[in-house]
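Student: sequence first, then the predicted structure, then my questions.
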Amino acid sequence: MPSETVGTDSPPALPEPHAALVVNKRDFIDRVVAATGARRSDARPIIEATLAQLGMVLSSGQTLAVPPLGRARINLERDARGGDVITLRLRRRPGPGEKS
């Protein structure tokens, strides 16, 4: 009678880690300008003020609920040498045409 080993199943495979794709502020502004058709000189100060307010709200510990971005709340916050490190939990609802 062959002996069977118990518990030799390997754990499920995790997705391969990949490098994060970073969208810098200049590219972000270009995308907003392209999506809205606004002039860059008009849109840039508004976008920068919006980003500054987002940063202030999150760094003050408040939950941010801004559809269609979603609901962002602080999961972990700590001080590091270069500044504050804030880990967010972002819950998004699927938009039209997105899978749930």
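Tutor: Thanks, I have it.
Student: in the chain, which residue is most central in space?
Tutor: In the chain, the centroid-proximal residue (Cα atoms, centre = their mean) is L90; its distance is 6.6 Å.
Student: and the gap between the closest residue in space to P67 that isn't next to it in sequence and V32?
Tutor: Residue nearest to P67 in three dimensions, not counting chain neighbours: R93, with 7.5 Å by Cβ to Cβ, 6 or more residues apart in numbering. (Glycine included, C-beta is placed from N, CA and C.) According to Cβ to Cβ, to the nearest Å, R93 and V32 sit 21 Å apart.
Student: higher neighbour count, those two?
Tutor: Neighbours were counted for R93 and for V32 using other Cβ atoms under 10 Å; V32 has more, 16 against 10.
Student: okay, helices next: where are they in this structure?
Tutor: 25-36, 40-59 (DSSP state H).
Student: I'd like these as CSV, with mean pLDDT appended.
Tutor: Formatted as CSV, those follow (pLDDT from 0 to 100):
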stretch, mean pLDDT
helix 25-36, 96
helix 40-59, 94
